[in-house]
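Trainee: Sharing a sequence plus its predicted fold:
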Amino acid sequence: MSALRPARRRASLLGVVLLALVVATALATLSMGNLGVAPADLPRGFAEVISGEAKGKANFVLGHLRGPRLVVALGAGAALGASGALFQAVTRNPLGSPDVIGVSAGAGAGAAFVGLLLPSATSVVLGSVAGAALAVGLVAVSTGTGLANPMRMILAGIGVSAMAYAFTQYVVYVVARDKASVLAAYLNGSLNARGWDHAATIWIMLAIVAIPLALLSIPLGLTEMGDEVAASLGVHSGSVRRWAVLLSVLLAGGAVAVAGPIAFVALTAPHVTRRLARSARPLLGLSAVTGALLLALADLATQQVPLFDGLPVGILTLAIGGVYLGVLLVGEWKKAT
């Protein structure tokens, strides 16, 4: 028990630091630039927006331009971070993510298809989750062992991702040529023109899965010790994995529905969290906070750094995540040699 106390204190301290960084990033997002609102004026501005009395700059920036965009970024980042932590625990692979088994690709394909037929926020969410679920179902069938073999899941996921991307490109370039530019921006992962309906969508999704996530955290950690050890402690690994995959699909699908298939946040956030906390078990809550911070920082860069001005945030996360993954792989290669 005494050995666990330093780890818990470290995790608690990390949580405080991460939350402080999230708040600082949020303040910077809302206050920087010519359209920024001074930090001292933000509480009154948000109060006016909520009451419907906001006018002028506060109404435009907080109510329409940056406010909902920030809230969506935090929610989608949190969903991706938690989804990635769940997937890495299920596959016992610290470099895994829902992208690997086609969850994000399937969610994007479902959102693009259903969004064209029934263009509403609800239909896009349902299409996104359905696409993600279909991708996981195809992976489970293709492996021949369901979701029990992580390596087979990854190999099957490569094929499912390729099929989903091919279908999405067909929708973009053949079925909806007049909407191709809008869909292309969405499919790269974008927070442009986000509204409060998008913010409500992702945060309702997070609220729905919050309690199941909390209940699953400890059993999921035990499954990483091996199925036999988990069984000896009264945990049914197969059931835990199924619930973890279901929650991962819901979270990834919700994030894709409101922001598109943003790359590498689901992989990077849990991995960074584990390294900072020096923990061997999944840290679902901290991974969610890290994901929110990473996506909010990336979106802040697209708004304030001239080099990235107007760039879909998914392209920036793809570049940063690729560099991060490359550094990790080089480090592992050096260790092996």
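Mentor: Structure received.
Trainee: neighbours around the nearest residue to Leu213 once chain neighbours are set aside, how many?
Mentor: With sequence-adjacent residues excluded and distances taken as C-beta to C-beta, 6 or more residues apart in numbering, Leu213 is closest to Leu284, at 5.3 Å. All C-beta spots, glycine's among them, are computed from the backbone N, C-alpha and C. Per other C-beta atoms under 10 Å, the neighbour tally for Leu284 reads 26.
Trainee: Leu311 touches Gln303, doesn't it?
Mentor: No: in this structure, Leu311 is not within contact of Gln303 by C-beta atoms under 8 Å, at 9.9 Å.
Trainee: For the two, indicate the residue with more neighbours.
Mentor: More crowded of Leu311 and Gln303, by other C-beta under 10 Å: Gln303, with 23 against 18.
Trainee: just checking, that one touches Gly33?
Mentor: Yes: taking contacts as C-beta under 8 Å, Gln303 lies within contact range of Gly33: 7.1 Å.
Trainee: pLDDT below threshold where in the stretch 51-200 of the chain?
Mentor: For the stretch 51-200 of the chain, applying pLDDT under 70 flags the ranges 54, 95, 115, 117-124, 146-150, 174-186.
Trainee: For the spatially closest residue to Val114 that is not a sequence neighbour, give me its contacts.
Mentor: Setting aside the residues directly before and after it, Val114 is nearest to Gly127 in space (C-beta to C-beta, 6+ apart), at 2.7 Å. Taking C-beta atoms under 8 Å, 6 or more residues apart in numbering, we find Gly127 in contact with Gly110, Ala111, Ala112, Phe113, Val114, Gly115, Ala257.
Trainee: Return the two entries of those residues that lie farthest from one another.
Mentor: Farthest apart among the contacts of Gly127 by C-beta to C-beta are Phe113 and Ala257. That separation is 12.6 Å.
Trainee: These two: which is more packed in?
Mentor: Neighbour totals were compared for Phe113 and Ala257, and Ala257 leads with 31 against 21 (other C-beta under 10 Å).
Trainee: so which strand or helix has the more buried one?
Mentor: Take DSSP states H and E as the rule and Ala257 turns out to sit in helix 237-259.
Trainee: So Ala288: helix, strand or coil?
Mentor: The three-state label given to Ala288 by DSSP: H, G, I helix; E, B strand; the rest coil is helix.
Trainee: For the most centrally placed residue in the chain, list the residues it contacts.
Mentor: Centroid-nearest residue in the chain: Leu80, 1.5 Å away (criterion: C-alpha atoms, centre = their mean). Listed by C-beta under 8 Å, 6+ apart, the contact set of Leu80 reads Leu251, Ala252, Ala255, Ile262, Val265, Ala266, Ala269, Gly291, Leu295.
Trainee: Apply 7 Å and report the result again.
Mentor: Residues near Leu80 by C-beta atoms under 7 Å, 6 or more residues apart in numbering: Ala252, Ala255, Ile262, Val265, Ala266, Ala269, Gly291.
Trainee: which two in the residues you listed are spaced the farthest apart?
Mentor: Once C-beta to C-beta is applied, these give Ala252 and Ala269 as the farthest pair, at 12.5 Å.
Trainee: So for those two, which sits in the more crowded spot?
Mentor: A direct count of neighbours by other C-beta under 10 Å for Ala252 and Ala269 places Ala252 higher, at 33 against 30.
Trainee: I figured the more buried one hits Val103, correct?
Mentor: Yes: between Ala252 and Val103 there is a contact under C-beta atoms under 7 Å: 4.7 Å.
Trainee: what sits in contact with each of these two?
Mentor: Common neighbours of Ala252 and Val103 (C-beta under 7 Å, 6+ apart) are Ala132.
Trainee: if we can go back for a sec, report the secondary structure state of the residue nearest to the centre of the chain.
Mentor: Relying on three-state DSSP, one would call Leu80 helix.
Trainee: ranges for the helices of this structure?
Mentor: 4-31, 42-51, 56-60, 67-91, 103-117, 121-143, 150-170, 180-187, 196-223, 227-232, 237-259, 265-277, 284-304, 313-336 (DSSP state H).
Trainee: could you dump those to JSON lines with distance to Ser97?
Mentor: As requested, the helices of the chain are exported to JSON lines (distance: least, C-beta to C-beta, whole Å):
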{"stretch": "helix 4-31", "distance to Ser97": "19"}
{"stretch": "helix 42-51", "distance to Ser97": "34"}
{"stretch": "helix 56-60", "distance to Ser97": "36"}
{"stretch": "helix 67-91", "distance to Ser97": "5"}
{"stretch": "helix 103-117", "distance to Ser97": "8"}
{"stretch": "helix 121-143", "distance to Ser97": "13"}
{"stretch": "helix 150-170", "distance to Ser97": "10"}
{"stretch": "helix 180-187", "distance to Ser97": "18"}
{"stretch": "helix 196-223", "distance to Ser97": "16"}
{"stretch": "helix 227-232", "distance to Ser97": "23"}
{"stretch": "helix 237-259", "distance to Ser97": "9"}
{"stretch": "helix 265-277", "distance to Ser97": "4"}
{"stretch": "helix 284-304", "distance to Ser97": "11"}
{"stretch": "helix 313-336", "distance to Ser97": "9"}
